[in-house]
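# Here's a sequence, model it:
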Amino acid sequence: MEKKKVVVGMSGGVDSSVAAYLLKEQGYDVIGVTMQIWQDEEEAVQEENGGCCGLSAVDDARRVAASLDIPYYVMNFKAEFKKNVMDYFVAEYLKGRTPNPCIACNRYVKWESLLKRSMEIGADYIATGHYAKITELPNGRFALKKSVTAAKDQTYALYNLTQYQLSHTLMPVGDYSKEEIRGIAEKIGLRTANKPDSQEICFIPDNDYAGFIDREAAGKVPPPGNFVLTDGTVIGQHKGITHYTVGQRKGLGIAMGRPVFVTEIRPDTNEVVIGSNEDVFGTTVYAKNLNFMSIPDLEGDLEVIGKIRYSHKGAPCTIRKVEADKIVCQFHEPVRAITPGQAVVFYDGDIVVGGGTII
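Numbering: from 1, shown residues only. Okay, the predicted model is just below:
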């Protein structure tokens, strides 16, 4: 039987490096690919030659591929990344929302674009170094399953993958803890064994979101406006809505004599609403842009565990459809900082039921 061909997306990090190794050990015909998505060519060349940022992801990934004796390519997905991730990120902030660019990147770039190009070169699957598992359920549907390590589980950021994408994806890292993955990398002598995990949004390495938006959307950035209380009382001036997110406490620059938080952003009136910690809690979430995994669609009420951000542990809730592409999610207990633009993802035990974008 011919070995199945798999394209592994290699970021230069330890997880994707070990994913390539594990698949090769399992007998797959492995090809390593690094997606060039936001780096400028000049910058990438400079990095490879030991420029300002040290050795680049491409360099690390290429060396790992060489040590594993697998073919390696760099594919350019800059246009797709700019449109589906960077432009989307800026547009959402301009509307007073807080987007999750990793979810958009996973769905439209890492999967849609990479999978299409991989199929064109004769691959059967793509694979990544995500901490998640893919399972085929008794009803014939493919769904994500939480990785063995809750601390690193990445299913939240992958809820938007389609049935087709899931059926052509391998995630070998989901069966291991981070420590085990680093251990495998050390054992086989990979140079990326102790490389630190990336933390910030890749295209904003300095973490200054507002500065990035100012540069990208010059002339369209909302001007300073009013900080208000829920009843509309003006209590100060904000720097512009792109500087704030629901639940934020630090950096508000207003003295109220008690801790205060952003409870709402109102793009229509250019206002940022301020309140107490209690005001940041709520029980009702509406979401659209739905994607279901373990079920074909939602019928009636369903009891699930809902997660409203990557770091949220999840809480019991009831979901039901109110329109063709809109659901209401009622949490049994109040949850903190329900943030428009973020994803709400639903679980049945370890299985991802589906999710959507909070409106």
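# Contacts for stretch 137-153, please.
130-136, 154-155, 158-159, 161, 163, 166-167, 173-178, 293-296, 347, 350-353 (Cβ atoms under 8 Å, 6 or more residues apart in numbering). In this view, the C-beta of every residue, glycine as well, is placed from N, C-alpha and C.
# Among these, which lie within helices?
Among these, DSSP state H puts 163, 166-167, 178 in helices.
# Tell me the one among the residues you listed nearest to A185.
Distances from A185 to the ones in helices among the contacts of stretch 137-153, taken as Cβ to Cβ, are shortest for K178 (10.6 Å).
# how many neighbours does the spatially closest residue to the closest one that is not a sequence neighbour have?
Closest residue to K178 apart from its sequence neighbours, by Cβ to Cβ, 6 or more residues apart in numbering: K152 at 5.2 Å. By the criterion of other Cβ atoms under 10 Å, K152 has 19 neighbours.
# cool, N207 as well?
10.
# Nearest spatial neighbour of C202, chain-adjacent residues omitted?
Leaving aside its sequence neighbours, C202 sits nearest to W38 (Cβ to Cβ, 6+ apart; 6.5 Å).
# circling back: what's the separation between the residue nearest to K178 and A255?
Noted for K152: a distance of 40 Å to A255, by Cβ to Cβ, to the nearest Å.
# try V173
47 Å.
# for K116, same thing?
54 Å.
# what's the answer for S294, then?
Distance of S294 to A255, computed by Cβ to Cβ: 49 Å.
# of those two, who's got more company?
Looking at S294 and A255 with other Cβ under 10 Å, you find the greater number of neighbours at S294, namely 20 against 9.
# quick one: the more buried one and G349 touch, right?
No - assessed by Cβ atoms under 8 Å, S294 is found out of contact with G349, at 10.0 Å.
# mind checking the SS state of the nearest residue to K82 once chain neighbours are set aside?
The shortest distance from K82 to any non-neighbouring residue, by Cβ to Cβ, 6+ apart, is to W38 (7.7 Å). In three-state terms, and counting by DSSP: H, G, I helix; E, B strand; the rest coil, W38 is coil.
# Tell me which stretches of the chain form helices.
Counting by DSSP H, the helices of the chain are 14-25, 41-48, 57-68, 78-81, 87-94, 101-105, 114-120, 163-167, 178-187, 209-216.
# Quick one: distance of the shortest one to the chain centre.
Spelled out, that is helix 78-81. Chain-centre distance of helix 78-81: 16 Å, with Cα atoms, centre = their mean, to the nearest Å.
# ditto for the third one
Between the mean C-alpha point of helix 57-68 and the mean C-alpha point of its chain there is a distance of 24 Å (Cα atoms, centre = their mean).
# Any stretches of this structure with poor pLDDT?
Across the chain, the ranges flagged by pLDDT under 70 are 1, 39-56, 199.
# go again using 80 as the cut-off
Scanning the chain with the threshold set as pLDDT under 80 gives 1-2, 38-57, 150-151, 191-193, 195-200.
# For the most centrally placed residue in it, list the residues it contacts.
Nearest to the mean C-alpha position of the chain, counting by Cα atoms, centre = their mean, stands C102 at 2.7 Å. Residues near C102 by Cβ under 8 Å, 6+ apart: 157, 201.
# go with 7 Å
C102 is in contact with A157, counting by Cβ atoms under 7 Å, 6 or more residues apart in numbering.
# Pull out the buried positions in stretch 245-263.
By neighbour count on 16 or more other Cβ atoms under 10 Å, the buried set for stretch 245-263 is 245-248, 252, 260-263.
# nope, stretch 286-304 is what I meant
So, applying 16+ other Cβ under 10 Å, buried residues of stretch 286-304: 286-287, 290-295, 298, 302, 304.
# swap in stretch 221-234?
Within stretch 221-234, the residues scored as buried using 16+ other Cβ under 10 Å are 221-222, 225-228.
# Quick check: of the ones in helices among the contacts of stretch 137-153, which has the highest neighbour count?
Within the ones in helices among the contacts of stretch 137-153, most neighbours by other Cβ under 10 Å means L166, with 20 neighbours.
# separation between it and L190?
According to Cβ to Cβ, L166 and L190 sit 28 Å apart.
# what's the answer for A315, then?
A315 is 39 Å from L190, where distance means Cβ to Cβ.
# Neighbour count: those two, which is higher?
Comparing A315 with L190 by other Cβ under 10 Å, the one with more neighbours is L190, at 22 against 15.
# was I right about the more buried one contacting V64?
Yes - counting by Cβ atoms under 7 Å, L190 does reach V64; the two are 5.8 Å apart.
# what is in contact with those two at once?
S17.
# so which of the helices of the chain is the most packed in?
helix 14-25 (a mean of 24; mean count of other Cβ atoms under 10 Å).
# for it, the distance to its chain's centre please.
In terms of Cα atoms, centre = their mean, the centre of helix 14-25 is set 21 Å apart from its chain centre.
# got it, and stretch 104-119?
14 Å.
# follow-up on the earlier one: just the closest of the buried residues of stretch 245-263 to T339, please.
V246 (4.3 Å).
# For that closest one, which non-adjacent residue is closest in space?
Nearest non-adjacent residue to V246, counting by Cβ to Cβ, 6+ apart: T339, 4.3 Å away.
# Kindly report the same for D301.
Nearest residue to D301, sequence neighbours excluded (Cβ to Cβ, 6+ apart): R320, at 4.9 Å.
# For burial, what's the neighbour tally of that neighbour?
Neighbour tally, R320, other Cβ under 10 Å: 13.
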